[in-house]
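Participant: this one's sequence-less:
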């Protein structure tokens, strides 16, 4: 099994650095090869909304940077893990910048799914998706927004299964490990 871990932490997010290590430990513990992307350390252009990745160079962003590596790793993986500090219920700017490069993984054409209009898949298979958000303390509104956002992204990225969870920055390593194992189980990843 192969996983792509997209780490949207900033240099100031010490709690996320330890969560990152726990995620890698849990994944390697189930014989998973992990492609780690610490997005803050990578050169990735902001999406310009030109849609060339849809029509001119299908599946490939016109910006020649590390965004290509991220998109390639995600579509070739069995599991994509998004790790981020939760910012107003959403992703960090680092993670969002990386995720914008995934738009080329779906088709510019539309289909109906459960009464909603969505983009058709470009590829025959897509990875399962897990979103791991980190908050300094309880914030039910941000947690709800985050889990909804991960679910909607999973739907748009044609993930066969997904799970989202929130970890507190002060949680113990054991609590974080248990949360990650629960998310893996919820997304249907075998232990």
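Facilitator: Thanks, I have the structure now. Computed from a prediction, not measured in an experiment: that's the story for all the values here. Residues are numbered from 1 along each chain as shown.

Participant: Residue 99 touches residue 82, doesn't it?
Facilitator: Yes - using CB atoms under 8 Å, residue 99 is in contact with residue 82, at 7.3 Å. (Glycine included, C-beta is placed from N, CA and C.)

Participant: between those two, what contacts are shared?
Facilitator: Common neighbours of residue 99 and residue 82 (criterion: CB atoms under 8 Å, 6 or more residues apart in numbering): 6, 91, 153.

Participant: Of the residues you listed, which is the most crowded?
Facilitator: residue 91 (25 neighbours; other CB atoms under 10 Å).

Participant: what about that one, distance to residue 149?
Facilitator: 7 Å (CB to CB, to the nearest Å).

Participant: and if you look at residue 179?
Facilitator: 18 Å.

Participant: Looking at the shared contacts of residue 99 and residue 82, which are in helices?
Facilitator: residue 153 (DSSP state H).

Participant: quick one: contacts of stretch 98-109?
Facilitator: Residues contacting stretch 98-109 (CB under 8 Å, 6+ apart): 6, 8, 37, 39, 42, 44, 46-47, 51, 53-55, 57-61, 67-68, 70-71, 74-75, 82, 91, 119-123, 126, 153, 156-158.

Participant: Flag every buried residue along it.
Facilitator: 98-107 (16 or more other CB atoms under 10 Å).

Participant: Repeat that for stretch 31-40.
Facilitator: 32, 34-40.

Participant: Geometrically speaking, which residue is the centre of the protein?
Facilitator: Geometric centre of the chain, nearest residue: residue 82, 2.9 Å, by CA atoms, centre = their mean.

Participant: pretty sure residue 71 is in a strand, no?
Facilitator: No - assigned with DSSP: H, G, I helix; E, B strand; the rest coil, residue 71 falls outside any strand and is helix.

Participant: Numbering from 832 from now on, please.
Facilitator: Got it, first residue is 832 now, which makes that one residue 902.
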